[in-house]
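# give me coordinates for this.
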Amino acid sequence: MKIQFAGCGDAFGSGGRFNTCIHVTDGDRQFLMDCGATSLVAMKKAGIDRGAIDAILLTHFHADHFGGIPFFILDQQFGVKRTRPLLIAGPPGLKSWYDRAMATSFPGERTLPFELTLQEVTIGSPQSFCGTTVTPFHVRHDDRAGPCLAYRIESASRTLCFSGDTEWTDVLIDAARGADLFICECYMYEKLRKSHMTLTVLRQHLPAIGAKRVILTHLSEDMLAHLADVELECAVDGMIVDV
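This next block holds a predicted model:
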């Protein structure tokens, strides 16, 4: 399994980073975890083959995680000239959010030259996604743009967990327990911020999670200012990780 952080930034472009967009290659399958508003630019900069992407897995519907979907669809139609199927999976409400995003971004009827499947996941239940088994967990962020989810993703040989956006919640222990890689948002260094993770809090719980590797993402200016004091790996745009 190979992970590339096309974008690892927050909603405010802290540090000049792109919005969340994580590219996963698992054998002959490729998918994105989130597709924030800047993701098309980020993928082009990273040299990612957009036509090879089989699916997109969304954690919630804030624009820095979901706002790139209309641009991705338009690029697949006119840039990539896609003809093979595309799957987008995400929280309950996905179909309504997708329709509204497309209508707002590019109004008018659109007939796609490829089959598009919108799959609303079942929270708490393992389900098939792009050749892996995905279990969604309801986390604490902002359910006006959700429900907001973390994902445990299990392939034939590796287990990956992505927290999505969340403050600390004990469900992350089950979501990330023993994972080969735990990608965790970490917005603040020591100040508590509702709806987002603080490093001093996360540190207390990592022993219970027992992940083999942890990479922090979605860093604010506050976290970026403390990087010299952060002992854990932190994502940067373009970073490639073998799991």
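
# C-alpha only now, for contacts and for neighbours.
OK.

# tell me which stretches of the chain form helices.
In the chain, the helices defined using DSSP state H lie at 39-46, 63-66, 69-74, 94-105, 171-176, 199-209, 221-225.

# got the CA positions of the fifth one in PDB?
What that stands for is helix 171-176. These are the backbone C-alpha positions of helix 171-176, laid out as PDB (Å, rounded to 0.1, in the frame of the first residue of the first chain):
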ATOM      1  CA  VAL A 171     -14.100   5.600  19.100                       C
ATOM      2  CA  LEU A 172     -10.700   6.400  17.600                       C
ATOM      3  CA  ILE A 173      -9.200   3.600  19.800                       C
ATOM      4  CA  ASP A 174     -11.200   1.000  17.900                       C
ATOM      5  CA  ALA A 175     -10.900   2.700  14.600                       C
ATOM      6  CA  ALA A 176      -7.100   2.800  14.700                       C
END
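
# so what does that helix touch, helix or strand wise?
The contact analysis (3 or more CA pairs under 8 Å, 6 or more residues apart in numbering; DSSP states H and E) places helix 171-176 against strand 132-138, strand 149-154, strand 159-162, helix 199-209.

# quick one: distance of it to the chain centre.
In terms of CA atoms, centre = their mean, to the nearest Å, the centre of helix 171-176 is set 16 Å apart from its chain centre.

# and if you look at the longest one?
Using CA atoms, centre = their mean, we find the averaged C-alpha position of helix 94-105 to lie 18 Å away from the chain's own average C-alpha position.

# could I get the average pLDDT for that helix?
Helix 94-105 carries an average pLDDT of 97.

# for the shortest one, same thing?
What helix 63-66 shows for mean pLDDT is 98.

# same question, the last one
For helix 221-225, the per-residue pLDDT values average out at 97.

# count of neighbours near Leu232?
For Leu232, the count of nearby residues is 13 (other CA atoms under 10 Å).

# do the same with the one 4 residues further on
Burial of Val236 is recorded as 20 neighbouring residues (other CA under 10 Å).

# measure it to Ala211 for me?
Noted for Val236: a distance of 20 Å to Ala211, by CA to CA, to the nearest Å.

# who touches the closest residue to Met188 other than its chain neighbours in this structure?
Excluding the flanking residues, the one nearest Met188 by CA to CA, 6 or more residues apart in numbering is Thr198, at 4.6 Å. Residues near Thr198 by CA atoms under 8 Å, 6 or more residues apart in numbering: Glu167, Trp168, Cys186, Tyr187, Met188, Tyr189, Glu190, Lys191, Leu192.
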